[in-house]
Structure formats: C-alpha cells, structure tokens
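Enquirer: Sequence plus the predicted model coming up.
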Amino acid sequence: MEIKETNIYETDELVGQYCDFQYGDEYFGVTNFAKACAHKAVAYAKETNYSKALDLGCATGYASFELAKTFDYVDGIDYSQAFVNVGRELQRSRHISYTQNGEGEIKTRKEVSIDDFNFGNVSSKVHFSQGDACALAPEFTGYDLIMATNLIDRLYQPHLFLKSIHERLNANGIFVLTSPYTWKEEYTDKEFWVGGYADENGQEITTLNALMDMLGEHFELVAIEDVPFVIRETPRKFQYTISQMSVWKKE
C-alpha cells in the first residue's frame, strides 16, 4: 500500500501557518474555521448525550478544545506529529509561540495563552494522538460525534476511512465531514478519489454524490452547508476557501 508523502505538514513553516490559522486573528470578516466547525458540530449533535467526541484531522488542536467545552471526553488525532505537539504543549505549559510570516525573510514571533480562548478549564478532557485516518487503532470508538475536518481529499485511500467510520459511532451518532474537495494526485491516486471525475459514460461524479453512495448504507444525510475559511500566508497574501460541510446521522 503506497502512502503519499506528507512531510510538508511537519515543517516549521506549516506549523506556524496552522497555529496562526487556528489561534491567530480573523480576516475579512470570516469566523475562525475551527471554532465555526466545532460550534456547528455541537449543534448538530444536540440529540446525543455529549459524552465522547473525535476531532479527526485536528491540526494544532483548537477545535478539540472547543468541543471539550461541551463533551466530557475528546480525542484529537492528526497525521502530523508536529501539529499534535502544539496541542499538547498548550495543555502542558498553557501557552504556545509560533512564527508568522512577514514580507520576504521578515518573521514575527507570536504567542497565545490557553486562557485567551477559555480552554484552561476543559483542556484536561482532551487527549491528543498522532494517527492515520485510514488505519485508526481499534480503541478509537464509541463516539457520539466524529468531526473530520478538511481531511478526505488529503488521504491516500479515503475509502478505507469512509467505509468503516460508522463502526466507531454510537447509535444515532453524528458524523460531520468538511472538505473543499481539492482532489490532487500528489495526495491521493486518482483511482481512490471520492468524486471529482467523470465515469466511463462521461457522467460527472461530484464528491457529495460519491459520499452519498458510500455512506448511504449506514447514514442519513441530514444537512449540507458551506463554511468559508481564510489562511494567512503573508501580510498581503491569503487563501480564501469554501469548505462544504455535510452532516450524517448513523442509522
């Protein structure tokens, strides 16, 4: 099984960019993406008992802490060990520092505290792990909510994750999936894309339609909405992206 190269997510530059994305300023009136996703997920999971949640693709951990304001126990898992270490450092020392890009070689050192986000009283409920969404360990199960954020189009074989995710949810559990569906062969061989192509008859297969076929046996699709996000690259260059959130209830 070939696993696509993902070392980019271990670099200091990407760690700094994602720290700024999750813990830094908001831009152009767009709400912090991790915060928005966590709040929406909590609302969609209102009929569960708010016991246990999984934040898969947690990056530097903001949404995991946000979910812990509601849930009794939260697992935050990311493929990048460097990302996971940020969340752990925030738990351990109650602050993190990171480098923000300026013009050219100019860098700015930024620091944030766990108390800036009112995470101090809930951080002990979050448990961070490095892990592979396509091959999660069996102990990651029994969840009321699973939130997989901007993940599937970066997995080497996303069907391995999607075909079995229902097994990790409790009855009536909620699966919240977000993605901009930017399928690229550098991350996922085309044979494993979940939509974003034309079939042998020339019919275009969207990711949402492919997800409905793949998840429909075990889930009811209960909501779809767009969630924008902005990533700062430099003071004058930003990524503006619209992620589609689909919400699935285990039947």
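Expert: That came through, no problem. Residues are numbered from 1 along each chain as shown.
Enquirer: now the helices: where do they sit in the stretch 1-150 of the chain?
Expert: All helices of the stretch 1-150 of the chain, identified by DSSP state H, counting those that start in this stretch, fall at 12-23, 33-44, 62-67, 81-93.
Enquirer: can those go into a markdown table with extra columns for distance to residue 191 and mean pLDDT?
Expert: Bear in mind the C-beta positions are built from the backbone N, C-alpha and C, glycine included. Output for the helices of the stretch 1-150 of the chain, formatted as a markdown table (distance: least, CB to CB, whole Å; pLDDT from 0 to 100):
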| stretch | distance to residue 191 | mean pLDDT |
| --- | --- | --- |
| helix 12-23 | 27 | 94 |
| helix 33-44 | 29 | 98 |
| helix 62-67 | 31 | 98 |
| helix 81-93 | 28 | 97 |
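Enquirer: closest to residue 105 out of the ones you listed?
Expert: Nearest to residue 105 among the helices of the stretch 1-150 of the chain is helix 12-23; the distance by CB to CB comes to 12.3 Å.
Enquirer: Among the helices of the stretch 1-150 of the chain, which comes closest to residue 235?
Expert: It's helix 12-23; of these, that one is closest to residue 235 (CB to CB) at 11.6 Å.
Enquirer: In terms of secondary structure, what does the closest one contact?
Expert: Contacts defined by 3 or more CB pairs under 8 Å, 6 or more residues apart in numbering; DSSP states H and E place helix 12-23 against helix 33-44, helix 62-67, helix 81-93, strand 95-101, strand 107-113, strand 219-234.
Enquirer: picking that back up, burial-wise, tell me which of the helices of the stretch 1-150 of the chain comes out on top.
Expert: The highest average neighbour count among the helices of the stretch 1-150 of the chain, using mean count of other CB atoms under 10 Å, belongs to helix 62-67 at a mean of 28.
Enquirer: And the contacts of that helix?
Expert: Applying CB atoms under 8 Å, 6 or more residues apart in numbering, the contact partners of helix 62-67 are 22-23, 32, 34-35, 37-39, 41-42, 53, 55, 58, 74-76, 87, 90, 114, 117, 119, 122-123, 126, 128, 145, 147, 149.
Enquirer: what's the answer for stretch 80-93, then?
Expert: If you take CB under 8 Å, 6+ apart as the criterion, stretch 80-93 is touched by 6, 9-11, 14-15, 18-19, 58-61, 64-65, 76-78, 96, 98, 114, 119, 123-124, 126, 128-130.
Enquirer: Settle this for me: residue 193 is touching residue 183, isn't it.
Expert: Yes - Residue 193 is within contact range of residue 183, at 4.8 Å (criterion: CB atoms under 8 Å).
Enquirer: quick one: low-confidence ranges for the chain?
Expert: The chain contains residues with pLDDT under 70 at 1-10.
Enquirer: For residue 190, give its distance to residue 208.
Expert: According to CB to CB, to the nearest Å, residue 190 and residue 208 sit 18 Å apart.
Enquirer: Tell me what residue 53 is bridged to.
Expert: Per DSSP bridges, the residues bridged to residue 53 are residue 74, residue 145.
Enquirer: can you tell me which residues contact it?
Expert: Contacts of residue 53 by CB under 8 Å, 6+ apart are 41, 45, 67, 71, 73, 74, 75, 143, 144, 145, 146, 147.
Enquirer: and the nearest residue to residue 234 once chain neighbours are set aside, how many neighbours does it have?
Expert: Distance criterion CB to CB, 6 or more residues apart in numbering; nearest residue to residue 234, sequence neighbours excluded, is residue 101 at 5.1 Å. A count of nearby residues for residue 101, using other CB atoms under 10 Å, gives 18.
Enquirer: How much space separates residue 101 from residue 24?
Expert: With CB to CB as the criterion, residue 101 and residue 24 are 11 Å apart.
Enquirer: overlap in contacts of those two?
Expert: Common neighbours of residue 101 and residue 24 (criterion: CB under 8 Å, 6+ apart): residue 232.
Enquirer: Tell me how many other residues crowd the closest residue to residue 204 other than its chain neighbours.
Expert: Computed as CB to CB, 6+ apart, the closest residue to residue 204 that is not its neighbour in sequence is residue 198, at 5.3 Å. A count of nearby residues for residue 198, using other CB under 10 Å, gives 9.
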